[in-house]
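Trainee: Quick one, fold the following:
(one chain, ligands or ions: 1)
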Amino acid sequence: MPKPGPVPDAGWCLLPDACASVTLVIFVATRSLQGERDTVNTQGFVNTALRHATETKKARYEPASDRLSTATRFGGTPWWPNGADRPCCDRNHPMSFIDQISLGDVPGFDSADQRLLSFHYCEDCAREGQMSFGWPDDRGRGYDLCFLDPTAGSSDGHGCVAHDWIGARDVSFESIEEIPAVGDFDEELDAIVPIDFFSYEPPDFDEYSPLPADDVYPGLKHVSGTKLGGHPSWLQNPDWPIGTSGERLRFVAQLDMVLCSELAWASGMAFLFAAHDGAEEAELVIQST
Ligand SMILES: [Zn+2]
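Mentor: Residues are numbered from 1 along each chain as shown. Sure, this is the predicted structure:
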């Protein structure tokens, strides 16, 4: 009776070279297929994201000598109608002027719209209340948002009547097509977002920059700093204000933490929204980290 020998190892030891070749071919083919699939998925995601892209105006703001202006401006002296009281909170603090935005500058609004969306904020209340919105008034507000028409009259000429936390800035804009922020992806985009989207760093990535880079993925941009129109850069869950019509108010602007470094929401962002159909409805949303 022959002695039992070692059991052959499932053929590997019979034709090791041939098996290795087959394995290698299968491995290469799998990698190639996977690579193709990734390319297709990535391109599909980029194409779909671009269908959601819309114009934003990225703001560059430089310290400037203060002067009266009906243009979009941050800090300094507001244009304010003659005869109207400047904004004051219900605790009689004069509110600080933050910005005025010419709605005609905002993508998505009528470019002929010369109204200003004027934004004042009670930093005194915020500091006393140790919270972003200060002491709430009867509408829960420590701020004032109103529509002004500089073509309808003259300015009050009172200059700056409350502490200016921003400092007068001239503003210029760069138009950029941007995709929504991640929190605003719809189901279609959410379903196909590539895994490396969340770890992508652009070639000029600067880890010391206070704001993320505009290049969020090859071929895709999202502006996270101060801008007019486009998509809000939510820091927490999206919080779209709804107008009395039941529709979302339109995104007008966001003010970043660099511009607002002296204000109560310095670690976050202020978002302004308004109705775009001529109705005088506007809302402020502040999110901080
Ligand atoms: Zn106040």
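Trainee: Which residue is the nearest non-sequential neighbour of P87?
Mentor: D144 (3.6 Å; Cβ to Cβ, 6 or more residues apart in numbering). From N, CA and C alone the C-beta is placed, and that goes for glycine too.
Trainee: what about that neighbour, how many neighbours?
Mentor: Around D144 sit 20 other residues, with neighbours defined as other Cβ atoms under 10 Å.
Trainee: Check E177 too.
Mentor: Under the criterion other Cβ under 10 Å, the count of neighbours that E177 has is 12.
Trainee: Dump the helix or strand it falls within to CSV, restricted to CA.
Mentor: In the assignment (DSSP states H and E), E177 maps to strand 169-178. C-alpha atoms of strand 169-178 as CSV (Å, rounded to 0.1, in the frame of the first residue of the first chain):
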residue,chain,number,x,y,z
ARG,A,169,-14.7,98.9,2.8
ASP,A,170,-14.9,99.3,-0.9
VAL,A,171,-16.1,96.2,-2.6
SER,A,172,-15.4,94.6,-6.0
PHE,A,173,-16.7,91.4,-7.4
GLU,A,174,-15.6,88.4,-9.4
SER,A,175,-18.3,86.3,-11.0
ILE,A,176,-17.9,82.5,-10.5
GLU,A,177,-20.1,79.6,-11.3
GLU,A,178,-20.4,77.6,-8.1
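Trainee: what packs against the next helix-or-strand element following it?
Mentor: Going down the chain from strand 169-178, the next helix or strand is helix 187-192, by DSSP H and E. Contacts defined by 3 or more Cβ pairs under 8 Å, 6 or more residues apart in numbering; DSSP states H and E place helix 187-192 against helix 16-51.
Trainee: same question for the helix it packs on, mean pLDDT?
Mentor: The average pLDDT within helix 16-51 is 64.
Trainee: For whatever helix or strand comes next after that helix, buried residues please.
Mentor: Sequence-wise, the next helix or strand downstream of helix 16-51 (DSSP H and E) is strand 54-63. Neighbour-count burial for strand 54-63 flags T56, K57, K58, A59, Y61 (criterion: 16 or more other Cβ atoms under 10 Å).
Trainee: ok, now stretch 239-253?
Mentor: Residues W240, P241, G243, L249, R250, F251, V252, A253 are the ones in stretch 239-253 that count as buried (16+ other Cβ under 10 Å).
Trainee: Using CSV, lay out the residues you listed together with secondary structure, distance to G76 and pLDDT.
Mentor: Listed next are those as CSV, based on DSSP: H, G, I helix; E, B strand; the rest coil; distance: Cβ to Cβ, whole Å; pLDDT from 0 to 100:
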residue, secondary structure, distance to G76, pLDDT
W240, coil, 30, 93
P241, coil, 27, 93
G243, coil, 30, 91
L249, coil, 26, 96
R250, strand, 26, 96
F251, strand, 24, 97
V252, strand, 19, 98
A253, strand, 17, 98
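Trainee: Next one: the residue of the stretch 151-289 of the chain found nearest the ion from F109, what distance?
Mentor: Using Cβ to the ion, the point where the stretch 151-289 of the chain gets nearest to the ion is A162, with a distance of 9.9 Å. According to Cβ to Cβ, to the nearest Å, A162 stands 28 Å off from F109.
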